[in-house]
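>>> I need the structure of the sequence given here:
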Amino acid sequence: MPNNKFSQLLKNRILILDGAMGTEIQKLNFKEEDFRGELFKNYNKELKGNNDILVLTQPEVIKNIHKAYLNAGADIIETNSFNATSVSMSDYGLEDYVTEINRAAVRIAKEAAKEFSTIDKPRFVAGSVGPTNKSCSISPDVNNPAARAITYDELFNAYYEQIEVLIEEGVDIILLETGFDTLNLKCAIDVVETIFKEKGIELPLMVSATIADNAGRTLSGQTLEAFAASSSHAPITSVGINSSFGAKELL
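Okay, here's the model as predicted:
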């Protein structure tokens with residue numbers, strides 16, 4: 001773990017991560033025109049549900065969600081960039097906006113964090129990197145177990161494009177979250193370590209998995225123990241679970 005203010009604080013107290021962004025956006029009951037804004041007013045595809053694009057079309061809304069979590073006491077807020085890779089944005093034909101989305105997501109989160117930071121309670125921004133909507137280890141074709149929707153190299157390049165921007169824009173932490181396929185996660189870790197080496201830097205790295213059923217396995221079939229073992233080679237600051245169990249089941 002890098003020797004910085006974040007890691008020093010972790011030695012002395014628990015730091016609180018913010019909550020979900022998606023459900024807060026859902027509460028707003030946005031319509032298609034809200035997602036489009038002026039920027040995509042005449043776009044030829046439906047954009048409703050593309051939460052990441054809101055950093056461009058509704059930046060104040062995203063900032064207010066960040067501020068609500070900070071006001072509630074969060075030490076760490078996540079950028080609104082969960083699906084901001086070319087892989088996920090291809091569903092909307094917005095691959096060319098990936099860099100712009102990630103830049104805006106970091107800027108908005110940093111502005112909110114700066115507003116709430118004090119000497120006694122500094123606030124941190126975690127660059128959110130989701131698992132994408134493709135799997136490196138699960139076949140999309142029940143009749144062909146060897147089939148894959150994406151290759152490791154394709155996923156690596158997509159993650160690189162996103163994570164490089166998050167780091168360049170100044171996130172404090174990289175958060176690889178909601179991993180349903182550990183090979184996807186390992187690919188993202190590979191990218192993080194590659195960029196760290198290229199740039200001669202190191203940031204705290206947080207990872208989380210999501211569990212598919214009550215058996216406590218990921219969608220790709222791994223137990224939590226196997227998930228942890230599979231990623232333990234990396235310089236990980238924290239390992240968590242999200243979008244899965246309640247507190248009782250989590251324990």
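>>> where does residue 113 land on pLDDT?
Predicted confidence (pLDDT) for residue 113: 98.
>>> after whichever strand or helix holds it, which helix or strand is next? Please name it.
Here residue 113 sits within helix 98-116, counting by DSSP states H and E. Using DSSP H and E, the helix or strand that directly follows helix 98-116 along the chain is strand 124-129.
>>> buried ones in the helix or strand following that following strand?
Sequence order places helix 152-168 as the next helix or strand after strand 124-129, per DSSP H and E. Buried residues in helix 152-168, defined by neighbour count with 16 or more other Cβ atoms under 10 Å: 154-156, 158-167. C-beta: built from backbone N, CA, C; applies to glycine.
>>> sorry, back to before: which neighbouring elements make contact with the helix holding residue 113?
helix 54-57, helix 59-71, strand 76-78, helix 86-89, strand 124-129, helix 152-168 (3 or more Cβ pairs under 8 Å, 6 or more residues apart in numbering; DSSP states H and E).
>>> partner strands of the fifth one and their direction?
I take that to be strand 124-129. Strand pairing for strand 124-129, using DSSP bridges, gives strand 76-78 (parallel), strand 173-179 (parallel).
>>> for residue 234, which residues are in contact?
Listed by Cβ atoms under 8 Å, 6 or more residues apart in numbering, the contact set of residue 234 reads 189, 192-193, 205, 207.
>>> with pLDDT, neighbour count and distance to residue 69 added, can I get those in a markdown table?
What follows is the contacts of residue 234, written out as a markdown table (pLDDT from 0 to 100; neighbours: other Cβ atoms under 10 Å; distance: Cβ to Cβ, whole Å):
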| residue | pLDDT | neighbour count | distance to residue 69 |
| --- | --- | --- | --- |
| 189 | 97 | 23 | 26 |
| 192 | 98 | 26 | 24 |
| 193 | 97 | 15 | 29 |
| 205 | 97 | 23 | 21 |
| 207 | 95 | 25 | 20 |
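>>> show me the residues you listed that map onto strands.
205, 207 (DSSP state E).
>>> quick check: the farthest pair among the contacts of residue 234?
Checked with Cβ to Cβ, these reach their widest spread between 193 and 207, with 12.6 Å between them.
>>> quick one: least confident helix or strand in the protein?
The weakest-scoring helix or strand in the chain, judged by mean pLDDT, DSSP states H and E, is helix 247-250 (a mean of 73).
>>> so for the residue nearest to residue 78 when sequence neighbours are not counted, what's the pLDDT?
Using Cβ to Cβ, 6 or more residues apart in numbering and skipping the chain neighbours, the partner closest in space to residue 78 is residue 128 (4.2 Å). Here, the pLDDT recorded for residue 128 equals 98.
>>> doesn't residue 171 make contact with residue 128?
No - counting by Cβ atoms under 8 Å, residue 128 stays clear of residue 171, with 9.0 Å between them.
>>> now for those two: what residues contact both?
With Cβ under 8 Å, 6+ apart, residue 128 and residue 171 have common neighbours residue 79.
>>> neighbour count for these two, which is higher?
Between residue 128 and residue 171, counted using other Cβ atoms under 10 Å, residue 128 has the larger neighbour count: 29 against 26.
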